[in-house]
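1. Sequence isn't available, so here's the structure alone:
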């Protein structure tokens, strides 16, 4: 249900533009803040200072990290690809974001 509430923030034109971007996944970037809570953008490699990949690839479908509205960078681990139907990889990105944040929270707890 969470993903559906975010999609309602998109206009019909924006939704159609996103769904049409199966070949150019990086064209979804301007709409990320309306698609997933807490994500300003996705790092497809080399686009951000903290990126794990230093060479920019304009055609990359690999998602290496997410950028929050506060410009915080969170790595997304391995094998997250923006491939296939846009709605499927956006939902997978949302799930991976939750998993990554949960693991970072667990790792940050210091046991006495």
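-> It's in. Everything numeric here is computed off the predicted structure, so don't read it as measured data.

2. For residue 43, list the residues it contacts.
-> Residue 43 sits next to 51, 63, 64, 65, 66, 67, 73 when contact means C-beta atoms under 8 Å, 6 or more residues apart in numbering. All C-beta atoms are positioned from the backbone trio N, CA, C, and that covers glycine.

3. quick one, phi psi at the residue most central in space within the chain?
-> For the chain, residue 42 is the residue whose C-alpha lies nearest the centre (C-alpha atoms, centre = their mean; 4.4 Å). Backbone geometry at residue 42, expressed as degrees, to the nearest 10, gives phi -120, psi 140.

4. Verify the stated contact: it with residue 33.
-> No: counting by C-beta atoms under 8 Å, residue 42 does not reach residue 33; the two are 11.2 Å apart.

5. Where does pLDDT dip in this structure?
-> 1-8, 22, 110-112 (pLDDT under 70).

6. quick one, strands of it?
-> For the chain, applying DSSP state E gives strands covering 41-43, 65-67, 73-75.
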